[in-house]
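In: Need coordinates for the following:
(chains A and B)
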Amino acid sequence: QQQVKQSPQSLIVQKGGISIINCAYENTAFDYFPWYQQFPGKGPALLIAIRPDVSEKKEGRFTISFNKSAKQFSLHIMDSQPGDSATYFCAAAIGNQFYFGTGTSLTVIP
Amino acid sequence: DAGITQSPRHKVTETGTPVTLRCHQTENHRYMYWYRQDPGHGLRLIHYSYGVKDTDKGEVSDGYSVSRSKTEDFLLTLESATSSQTSVYFCAITRGQGNGETQYFGPGTRLLVL
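Out: Model prediction:
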């Protein structure tokens, strides 16, 4: 059973556009929600993370929106750039146990 | 960089042969994990360790065993490799960040079982 459901599987965005990736979870015990960015041939790298006591976190062009009542969270990439082309994973964690979404392949077209 | 190295980085082996992958960390983290990454499945937990000689199974542990005889090394063994174990394997640790723990990944091992 997939603990974290991620969509879309792939996404193509024009340079300068907004990329949005969505995730949903069921277990209300999750207390940490990170996003990872992965380039080909590399390991996933932590991009940005949020805890459920806030509804939004912004770091540069990357924003997490968190809706606790709907059990959903999303990653927004503003002013998307070709260098943002990568695979993005959402995750949900309880303590030291992490559960990952299936990933979204983002392509930003120049 | 969480000081994680994996070896080998690439390996080709034949069905039925044993394979051992190594994860090494330099920062004395208590928790270590092995994941496999496959298209359409994301990252799936194989086994994890919460201390020397303390390990537990993840969601896809069948066909895999692990050992941790010292803090810095976490070994993943495929006793008799099968083609379904062709995958990219990532080691991870958890490390405190801000007001909690987060996971950091090694560079991965690409395994091809023929």
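In: Residue B:65 and chain A: what is the separation?
Out: Distance check for residue B:65 against chain A: by Cβ to the nearest Cβ, to the nearest Å, it reads 20 Å. Where you see a C-beta, it was placed from the backbone N, CA and C, and this is true even at glycine.
In: Now do the contacts for that residue.
Out: Shown in contact with residue B:65 (Cβ atoms under 8 Å, 6 or more residues apart in numbering or on different chains): B:47, B:76-77, B:79.
In: Neighbour count, pLDDT and distance to chain A added to the residues you listed, as JSON lines?
Out: Listed next are the contacts of residue B:65 as JSON lines, based on neighbours: other Cβ atoms under 10 Å in any protein chain shown; pLDDT from 0 to 100; distance: Cβ to the nearest Cβ, whole Å:
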{"residue": "B:47", "neighbour count": "21", "pLDDT": "97", "distance to chain A": "13"}
{"residue": "B:76", "neighbour count": "23", "pLDDT": "98", "distance to chain A": "15"}
{"residue": "B:77", "neighbour count": "14", "pLDDT": "98", "distance to chain A": "21"}
{"residue": "B:79", "neighbour count": "12", "pLDDT": "94", "distance to chain A": "25"}
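In: so which of those comes closest to residue B:7?
Out: Taking Cβ to Cβ as the measure, residue B:7 lies nearest residue B:76 of these, at 11.3 Å.
In: which regions of the chain sit below the pLDDT cut-off?
Out: You didn't pick a chain, so chain A it is. Of all residues in chain A, those with pLDDT under 70 make up the ranges A:1.
In: wait, I meant chain B there
Out: B:1, B:97-100.
In: In it, which residue is most central in space?
Out: When Cα atoms, centre = their mean is applied to chain B, the residue found nearest the centroid is residue B:34 (2.6 Å).
In: The host helix or strand of that residue pairs with which strands?
Out: Taking DSSP states H and E as the definition, residue B:34 sits inside strand B:32-38. Using DSSP bridges, the strands paired with strand B:32-38 are strand B:42-51 (antiparallel), strand B:87-97 (antiparallel).
In: Save these as JSON lines, and put in distance to residue A:57 too.
Out: As requested, the strands paired with strand B:32-38 are arranged in JSON lines below (distance: least, Cβ to Cβ, whole Å):
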{"stretch": "strand B:42-51", "distance to residue A:57": "22"}
{"stretch": "strand B:87-97", "distance to residue A:57": "13"}
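In: Near chain A, which residues of chain B are found?
Out: B:31, B:33, B:35, B:40-45, B:48, B:50, B:90, B:94, B:97, B:99-108 (Cβ under 8 Å from any Cβ of the partner chain).
In: which bits of chain A sit near chain B?
Out: Chain A has residues A:6, A:9, A:31-32, A:34, A:36, A:41-46, A:49, A:51, A:89, A:91, A:93, A:95-96, A:98, A:100-103 near chain B, with proximity defined as Cβ under 8 Å from any Cβ.
In: Which among those count as buried?
Out: By neighbour count, with 16 or more other Cβ atoms under 10 Å in any protein chain shown, those hold A:6, A:32, A:34, A:36, A:43-44, A:46, A:49, A:89, A:91, A:93, A:96, A:98, A:100-103 as buried.
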